[in-house]
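J.: for reference, the sequence and a predicted model appear below.
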Amino acid sequence: MQDAIVIIPTFNEIENIEEIIRTVFGLEKAFDILVVDDNSPDLTSLKVAELQKEFEGRLFLETRHEKAGLGTAYIHGFNWCLARDYNYIFEMDADFSHDPKDLIRLYNACHIEGADVSIGSRYIKGVNVVNWPIGRVILSYLASVYVRIITRMKIQDTTAGFVCYKRQVLENIDLDKIKFIGYAFQIEMKFKAFIKQFKIVEVPVIFTDRTKGESKLSSGIISEAIFGVITMKLKSLFGRE
């Protein structure tokens, strides 16, 4: 068992899953992988199960009964990892929008440089996004500005989904009280770490939109992020974190 594990949530990622797994396992730093699959109709989980025979003891699979949201997939993964001895727990997409090579940089930010949370940031050095239409770039960037204004977090990329958490961060967050299930989950997790005064750093990365498979972004997810952030902030002011 390694000291670090990468959680990869999947729903219909058959076109990407084998390549992303092999790429992570090919890195010079060893990581374990946990795939949390939401019963993908394209049989993503069967491909992972097949690869488990090759990567025994390093590749793990949790299959849920239905598609229940990104946030609940990560909470499921966090609890699974905390029941074991991992010290560094990562979030990463399956579609190569996050460059697996940057896992090492996020790991070093925590393991060597002393951060409690390291974020693969698209906006810490300008706007580093490839293959997104300009409208989506603007929406994402303004969303992070909006979140910073409401929450007072000094984080440029508040909606980033490429993150390393030290074990103690997740142990000190009541995961059962995390409310958001879409991309607002990423904001809520960072906010919980922020109000508990953990050291959060941003590591500049280049985000490249998927070339295979379909995006899971929806209007409901966007609405959750816009309106949920205000509720989250108000609850924190009254000590109801």
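T.: Here it is on my side, so go on.
J.: how much space is there between Ala73 and Asp99?
T.: 21 Å (C-beta to C-beta, to the nearest Å). Heads up, the C-betas are built off the backbone N, CA and C, glycines and all.
J.: more neighbours: those two, which one.
T.: Ala73 (25 against 16; other C-beta atoms under 10 Å).
J.: element containing that one?
T.: Per DSSP states H and E, Ala73 falls inside helix 70-82.
J.: and Lys212, what pLDDT?
T.: Per-residue pLDDT puts Lys212 at 66.
J.: right, I mislabeled it, should have said Ser223
T.: Ser223 carries a pLDDT score of 64 in this model.
J.: coming back round to it: of all the residues in the helix holding Ala73, which ones are buried?
T.: Leu70, Gly71, Thr72, Ala73, Tyr74, Ile75, His76, Gly77, Phe78, Trp80, Cys81 (16 or more other C-beta atoms under 10 Å).
J.: can you show me the helices along the protein?
T.: 17-25, 44-52, 70-82, 102-111, 134-151, 167-171, 184-195, 219-237 (DSSP state H).
J.: distance from the helix holding Ala73 to the middle of the chain?
T.: Helix 70-82 has its C-alpha centroid displaced from the chain centroid by 10 Å (C-alpha atoms, centre = their mean, to the nearest Å).
J.: repeat for stretch 107-121
T.: Mean-position distance between stretch 107-121 and its chain equals 14 Å (C-alpha atoms, centre = their mean).
J.: would you mark the buried spots in it?
T.: Along stretch 107-121, these residues count as buried under the neighbour rule (16+ other C-beta under 10 Å): Tyr107, Ala109, Cys110, His111, Ala115, Asp116, Val117, Ser118, Ile119, Gly120, Ser121.
J.: what's the farthest-apart pair in those residues?
T.: Farthest pair in the buried residues of stretch 107-121 (C-beta to C-beta) is His111 and Ser121. Separation: 18.2 Å.
J.: before we move on, the earlier item: reformat the buried residues of stretch 107-121 as JSON lines; add pLDDT and distance to Lys190.
T.: Compiled in JSON lines, these are given as follows (pLDDT from 0 to 100; distance: C-beta to C-beta, whole Å):
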{"residue": "Tyr107", "pLDDT": "98", "distance to Lys190": "18"}
{"residue": "Ala109", "pLDDT": "98", "distance to Lys190": "15"}
{"residue": "Cys110", "pLDDT": "98", "distance to Lys190": "15"}
{"residue": "His111", "pLDDT": "98", "distance to Lys190": "20"}
{"residue": "Ala115", "pLDDT": "98", "distance to Lys190": "13"}
{"residue": "Asp116", "pLDDT": "98", "distance to Lys190": "11"}
{"residue": "Val117", "pLDDT": "98", "distance to Lys190": "7"}
{"residue": "Ser118", "pLDDT": "98", "distance to Lys190": "11"}
{"residue": "Ile119", "pLDDT": "98", "distance to Lys190": "7"}
{"residue": "Gly120", "pLDDT": "97", "distance to Lys190": "12"}
{"residue": "Ser121", "pLDDT": "95", "distance to Lys190": "11"}
